[in-house]
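> Structure of the sequence below:
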Amino acid sequence: MKIFLLLGSLNAFLSVALGAFGAHALKAKLTPDKLDVYQTGVHYHMIHAIALILIAVLSDKLTNSSALVNASGWAIFIGIILFSGSLYALSLTGLKIFGPITPLGGVSFLVGWVLLAIAAMK
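Below is the predicted model of the structure:
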C-alpha cells in the first residue's frame with residue numbers, strides 16, 4: 001500500500017500548490033464564483049489526499065480486508081481526478097462540458113468511503 005502513501009503525499013503537495021496558485025495568481029483573474037469553484041476543488045483535493053494517506057496506514061491494520069482497502073484507495077484517487085480536476089478545468093476554462101464530470105468524481109469519493117467502511121466492519 002505504499003502506492004497510496006505516495007499518491008496521498010503527492011496529491012497533498014499538489015493541493016497546497018494549487019491552493020496557493022489560486023489564492024495569489026488567480027484571485028485577480030477569476031470571478032468570485034469561478035474562484036469559489038476552484039477553491040472547492042482544492043478543499044476536496046486535500047481532504048481526499050489525506051484519505052489516501054489514511055488508507056495507506058490502515059492497510060496494515062485491516063489485512064483481512066486488503067482488497068476492499070485497495071479498491072477504496074483507487075476509488076478515492078479517481079475521485080480526486082474527476083471531482084477536483086473537473087472543478088479546476090471548469091473554473092479556469094469556463095467550459096460547461098466539465099460540469100457533468102464533477103458528480104462522477106463525487107460518486108467515486110462515496111464509493112471509496114463506503115468500501116473503507118465495509119473493510120472496517122469485516
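
> what mean pLDDT does the helix ranked longest in the chain have?
Secondary structure assigned by DSSP state H gives helix 32-61 as the longest helix of the chain. In this model, helix 32-61 carries a mean pLDDT of 96.

> tell me what it is packed against?
Where contact means 3 or more C-beta pairs under 8 Å, 6 or more residues apart in numbering; DSSP states H and E, helix 32-61 is packed against helix 2-21, helix 66-79, helix 85-93, helix 101-121. In short, each C-beta sits where N, CA and C put it, glycine included.

> out of those helices, which comes closest to T40?
helix 85-93 (5.8 Å; C-beta to C-beta).

> where's the closest one relative to the chain centroid, distance-wise?
Put simply, helix 85-93 sits 14 Å off its chain's centre (C-alpha atoms, centre = their mean, to the nearest Å).

> That helix to helix 66-79, inter-axis angle?
Per axes from the mean of the first three to the mean of the last three C-alpha atoms, to 10 degrees, the angle that helix 85-93 makes with helix 66-79 is 10 degrees.

> what packs against helix 85-93?
Judged by 3+ C-beta pairs under 8 Å, 6+ apart, helix 85-93 is in contact with helix 32-61, helix 101-121.

> From L10, how far out is the residue positioned nearest the centre of the chain?
The centroid of the chain falls nearest to I80 when counting by C-alpha atoms, centre = their mean (2.8 Å). As defined by C-beta to C-beta, to the nearest Å, I80 lies at a distance of 10 Å from L10.
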